[in-house]
Every structure is written in C-alpha cells, then in structure tokens.
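[1] 3D, please:
(one chain, ligands or ions: 2)
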Amino acid sequence: MALHAACSLPSTISIQKEGKISASLKETTLTGFSFYNHLRADNISTLLTIKEQRRQNPRFSTGIRAQTVTATPPANEASPEKKKTQRKGTAVITGASSGLGLATAKALADTGKWHVVMACRNFLKAEKAARSVGMSKEDYTVMHLDLASLESVKQFVDSFRRTERPLDVLVCNAAVYQPTAKEPSFTAEGFELSVGTNHLGHFLLSRLLLDDLKQSDYPSKRMIIVGSITGNTNTLAGNVPPKANLGDLRGLASGLNGQNSSMIDGGEFDGAKAYKDSKVCNMLTMQELHRRYHEETGVTFASLYPGCIATTGLFREHIPLFRLLFPPFQKYITKGYVSEEEAGKRLAQVVSDPSLGKSGVYWSWNNNSSSFENQLSKEASDAEKAKKLWEVSEKLVGLA
Ligand code: NDP
Ligand code: PMR
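    Ligands and ions are numbered 1, 2, ... in the order given. All right, here's what the predicted structure looks like:
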C-alpha cells in the first residue's frame, strides 16, 4: 500500500486487486509467464559456475586504461578447423557499467570462454565497475558508446571495427528510465531521451553491427535485445498504469522531438510510459530482425525478461521511498525479485547456452530459474506494427 502511495499510481489499481494479485502469484501470467509453456531444465548453470575461481590480476591496481582499443590480440587466430571450438567468443554488451549488463559481463568472463566489450557512456565508471566485480583485465575491453547520440553510435562501430575483433554476440542492454520527469529531455539528435536511447540508439547500433555479426564464424551468433514484463500488457506488471501503447506511431513518425509530441503515440509526455513504450519497441525490433535476417544470416535474435532486478541503477531517478520499498515489495509480495547476479546468469544463458539458441524468442524464467519461451502481449507481437516501427525508425536514424 505504501508502495502504491509512493508511486502515485492512479486508484485503478485497488488494494483488493493487489490482495488478489499476491494471493494468486503462484499462478501463471501474473508473474509474466505461463505454466502452460514448456519448461526446460536449466542445464547451463554448472557450465556458468565452472570457472568460479577468481583470476585476480595485480595489474588492475596500476591505473585505468585511457584507450578504447584492446591490447590483447584478436582471438580468432587458431587453425581453421579448431577455431570454432577454441577461440573465445566476443560479446559486446551495451550499458555494462552497472546492473544487469555488468552482472552479465562478469558471468561471461567467469566462464573463461568470452571476451566482453563493455560499451559504455562513462569509461571510468565502467572500468571501475569491471574491477569492482573482479573481472580479469584480459577478459574485457571498455569502449565508449553513448546511445543518446547517433554520432557516438557510429563512432563506436568504427572503433570496434578497428580492434579487428570478431563480433559473435551483441547484447543491447542499456536503458534509461525517467519516471519522475515532468518534462521530456532529448538526445543529441533531439529525440525524447528514453525512446531515443533505449530504442533508436540500439536500433542504429544493431543495424550497423549486423554485417559484423554475419561475418563471425562463431558456432552460434546472437543478437539480444533486453525487453521487459512492464512492456507486456498480457501480464499484471504490464497493467500497472501508465501502460505501454505505441498507438499508430504518429508521435514517432513526427520526429519525437517535442514539437508535435515526445511520445510515440502522440500523447502527453509521461516518463514511465516512454520507458515501457521503448521496451515494446525493443521486443518488436527483435522479432522484425528475426523475420528479416534469421534465415539469411543464421544469427539468433532473442529478447528476454530477466526478472525484477529491483536494486539496479534503473530506479535512480525514482523517489527515495520507492527505492526503499520496491525491493522488499518485489521480494516478498510479487516474488518477482531476482538478484543482479542471478539476472546476469540468465542473460549469459541467452548469450551462450546451446539450449537457448532458438531465434525469435522472448525468454523468461520460472521460480526455479528454468528458462522458457514466453508469450508477448498482442501489441509486442504485432508484426504489422513491428514493420511500421522498423520503417519509421530507419528514417529517424538516417538509414532510409
Ligand atoms: P542500470 O541503470 O543498472 O543499467 C543501465 C545501463 O545503461 C548503465 O550501464 C547505464 O550507464 C547505461 N546507459 C544509460 N544510458 C546510456 C547511454 N545513453 N549510453 C550508453 N549507456 C547508457 O539498469 P538495469 O541493469 O536494471 O537495466 C539493464 C536492462 O535491463 C535495461 O534494458 C532494462 O530495461 C532491463 N530490465 C531491467 C529490469 C529491472 O528490474 N531492473 C527488469 C526488466 C528489464 P551508466 O552506468 O553510465 O548510468
Ligand atoms: Mg511492478 C507480479 C507482479 C509484478 C511484477 C513481476 C513486477 C515487475 N511488478 C509487479 C506488480 C506491481 N508493480 C504492482 C501490483 C504494482 C502496484 C503497486 C507495481 C508497481 C510498480 C511501479 C510503480 N512496478 C514497477 C514500478 C516501477 O516504477 C517499475 C517500472 O515500471 O519501471 C518501468 C516497476 C516494475 N515492476 C516490475 C518490474 C520488472 C519493474 C521494473 C520495470 C522494468 O524494467 O521493466
């Protein structure tokens, strides 16, 4: 109830409904998944923990690298017949300086099988974050990427190519959430910040890096765009106002620049809705990529809801009372809470587990941490809307 008050939610979410909700949480779609779905055993967890022994590197203490280009050689130099199994994979993760992205980077690095390119807007923060979780210097490279600038996205792609590393997996993870903003803020090119960063920045990045992924000879090439339950109105969480709704995309089509509207559906600015809308865009984009490119390229496209990671920096702009109450609310009432570490292992599975190699899937996990293919909401699986979103987004980022 206090959380309810703290969040200034409209009274349409009644206490009675909340009571009902918490009473029936063991059931299916409320927590974002359905037990009708086929549940699969989580047979990667052992693999992910095999390399739990830390490889603390004393060179960490000698200072922070002031370059974005790795000093370690490209990892694909093994003999042709062995390289598919022997070389380390390279995974680019956007927003790896905190929360889910950092936990995923660590989980992958810990396997000893991955080199992680941490694509972050704050170089020093990312470097410190990698060290703080004990990542070994050989296992990661920090490179600058500000998704709120399309110019920066292009520069990142150029810099990445100059490293001559192959690209085996791209994880579009970074996001901003502005639930308390009264007025919109804008990206360098003048798009509303949440959709501009979470969707348009990643849209351009994924389009530009698709060619690089195509060229990878890694056994399983993947592109993952992090989605969320709150963008899916077929769940309880997705029905907490304001609900995601892209409408007919008129606001996006008119530039999302605040002159006509800063919301995709053309409505009044609402920071929480803008975030949820951006997550719908992420999930639609993943499916459109799958439809257009999976067969031709062999790349696996996937999205996921990793669970409610209530402690991350995502909620940094929320009011202090929300930040205090949200983790216990998710832990004890909704039971949707997961730790950053657990969420990182989940995303790492989507990156590398052979059993999660199917394309076009939105992954979720049940309470036993077993992954399954989840259902997206009507809007988040609307193929026509996905096509329209694709075409409008292409124009906005200068690809069409
Ligand atoms: P965090 O705030 O901890 O991480 C977000 C990351 O995105 C940070 O590294 C942040 O960088 C980075 N970022 C923000 N803006 C930009 C930008 N302009 N350019 C580059 N990087 C940027 O949040 P989470 O870890 O929770 O969020 C990660 C993903 O998980 C998001 O896609 C979110 O939608 C999704 N998610 C989160 C859930 C949760 O419960 N937390 C639930 C479902 C999905 P910096 O460190 O510099 O701020
Ligand atoms: Mg939610 C099973 C119920 C459930 C789950 C799994 C989440 C996840 N939330 C649930 C229920 C509720 N939430 C209920 C009943 C309420 C009303 C009290 C509620 C409220 C709420 C707020 C105010 N929830 C939130 C907020 C946020 O500001 C978060 C948000 O929407 O960010 C966009 C959020 C979230 N709830 C979740 C998850 C995963 C979030 C983080 C959102 C995300 O990253 O998508």
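[2] all strands of this protein, in order?
    89-94, 114-120, 140-144, 169-172, 222-226, 300-304, 361-365, 371-373 (DSSP state E).
[3] of all the ones you listed, which one is nearest Thr197?
    The closest of the strands of the chain to Thr197 is strand 89-94. By CB to CB, the value is 9.8 Å. From N, CA and C alone the C-beta is placed, and that goes for glycine too.
[4] strands paired with the closest one, and their directions?
    For strand 89-94, the pairing partners within the sheet under DSSP bridges are strand 114-120 (parallel), strand 169-172 (parallel).
[5] turn those into JSON lines, columns for distance to Phe191, mean pLDDT and mean neighbour count.
    Compiled in JSON lines, the strands paired with strand 89-94 are given as follows (distance: least, CB to CB, whole Å; pLDDT from 0 to 100; neighbours: other CB atoms under 10 Å):
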{"stretch": "strand 114-120", "distance to Phe191": "19", "mean pLDDT": "98", "mean neighbour count": "27"}
{"stretch": "strand 169-172", "distance to Phe191": "16", "mean pLDDT": "99", "mean neighbour count": "28"}
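[6] which one of the ones you listed lies closest to ligand 1?
    Closest approach to ligand 1 among those (CB to the nearest ligand atom): strand 114-120, 5.7 Å.
[7] can I get the strands paired with strand 89-94 in CSV including distance to Thr180?
    As requested, these are exported to CSV (distance: least, CB to CB, whole Å):
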stretch, distance to Thr180
strand 114-120, 24
strand 169-172, 25
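[8] mind checking these for the one nearest to ligand 2?
    strand 169-172 (14.2 Å).
[9] which other residues reach that closest one?
    Residues outside strand 169-172 that contact it (CB atoms under 8 Å, 6 or more residues apart in numbering): 89-94, 101, 104, 202, 205-206, 209, 213, 218, 221-226, 282, 347, 351-352.
[10] quick one: residues contacting Ala91.
    Contacts of Ala91 (CB under 8 Å, 6+ apart): 108, 114-117, 168-171, 351.
[11] again, only using 10 Å
    104-105, 108-109, 113-118, 140, 167-171, 218, 222, 224, 348, 351-352 (CB atoms under 10 Å, 6 or more residues apart in numbering).
[12] got it, and Lys276?
    177, 194, 228-233, 237-238, 240, 242-246, 270.
[13] Gln287 now?
    Neighbour list for Gln287: 225, 301-303, 359-362, 376, 380-383, 386, 390 [criterion: CB under 10 Å, 6+ apart].
[14] list the buried residues in stretch 144-159.
    By neighbour count on 16 or more other CB atoms under 10 Å, the buried set for stretch 144-159 is 145-150, 152-153, 155-157, 159.
[15] most widely separated two among those residues?
    Ala148 and Ser159 (17.3 Å).
[16] contact residues of this structure facing ligand 1?
    94-95, 97-101, 120-122, 125, 145-148, 173-176, 197, 226, 228, 279, 305-306, 308-310, 312-314 (CB under 6 Å from any ligand atom).
[17] which of those count as buried?
    Buried among the residues of the chain next to ligand 1 by 16+ other CB under 10 Å: 94-95, 97-101, 120-121, 145-148, 173-176, 197, 226, 228, 279, 305-306, 308-310, 312-314.
[18] quick one: which of those residues sit in helices?
    99-101, 279 (DSSP state H).
[19] between those residues, which is nearest ligand 2?
    Among those, and counting by CB to the nearest ligand atom, the member closest to ligand 2 is Lys279, at 5.9 Å.
[20] grab the nearest non-local neighbour of that closest one.
    The shortest distance from Lys279 to any non-neighbouring residue, by CB to CB, 6 or more residues apart in numbering, is to Gly231 (3.3 Å).
[21] which residues touch the one you found?
    237-238, 243-244, 246, 275-284, 303, 305, 376-377, 379-380.
[22] ok so, going back, of all the strands of the chain, which lies closest to ligand 2?
    strand 222-226 (8.8 Å).
[23] with that, I have no additional questions.
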